[in-house]
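1. curious how this folds, go ahead:
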Amino acid sequence: MTDENYLKFPSVLREKACNGEIIFPDNAYFVYEPILAYRGIQRECDDVSAVTRADFMSYAEKNIRRRGIDKKDPHYYGVSLFLNKVSVENALKFPRVDRKIAVGHVYSEAGPAEINEATEHVCWWLYENVEIHGFEICQE
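-> Below you'll find the model as predicted:
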């Protein structure tokens with residue numbers, strides 16, 4: 001990744017990436033074909049509002065400490081998605097009344113991604129001020 005790309009990240013990641021505190025995995029790509037993915041999002045059972053960038057905030061952007069993930073781990077600054085619906089259901093222990101599943105494509109214009117085929121997990125590092133488009137809540 002180049003410094004030019006680092007400057008596109010939110011401030012919580014930009015500085016750490018530019019000064020070398022955060023090192024991205026070797027299998028994180030800036031250019032890739034769109035990837036169909038699923039993400040667990042917080043929603044009340046009757047809330048079917050549109051999926052937005054707020055549904056794709058990292059723990060770092062929310063300033064939430066997550067057990068087991070260090071602030072020096074680049075995954076703390078990305079968002080988790082899965083390559084299939086069953087994987088997200090298992091990871092987040094669905095069904096849950098306060099969660100829904102969104103489906104759409106991870107795309108390189110919004111930020112780099114790491115795809116782990118073995119775990120069916122995607123980590124997506126979103127650029128600052130990108131609009132998330134193409135994701136919608138899965139209908140049962």
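2. quick one, strands of the chain?
-> Under the criterion DSSP state E, the chain carries strands at the ranges 28-29, 35-42, 79-82, 99-106, 113-116, 121-124, 136-137.
3. where in this protein is pLDDT low?
-> Along the chain, the model assigns pLDDT under 70 to residues 1-3, 67-68, 139-140.
4. centroid residue for it?
-> Closest residue to the average C-alpha location of the chain: Val79 at 2.1 Å, with CA atoms, centre = their mean.
5. residues in contact with that one?
-> Going by CB atoms under 8 Å, 6 or more residues apart in numbering, Val79 touches Arg39, Phe56, Met57, Ser58, Cys123, Trp124, Trp125, Leu126. Placement of C-beta: from N, CA and C, glycine included.
6. of the residues you listed, keep whichever come out buried.
-> Buried by 16 or more other CB atoms under 10 Å: Arg39, Phe56, Ser58, Cys123, Trp124, Trp125, Leu126, out of the contacts of Val79.
7. next, format the residues you listed as a markdown table and append distance to Asp26.
-> Written out in a markdown table, the entries for those read as follows (distance: CB to CB, whole Å):
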| residue | distance to Asp26 |
| --- | --- |
| Arg39 | 24 |
| Phe56 | 24 |
| Ser58 | 20 |
| Cys123 | 13 |
| Trp124 | 17 |
| Trp125 | 14 |
| Leu126 | 20 |
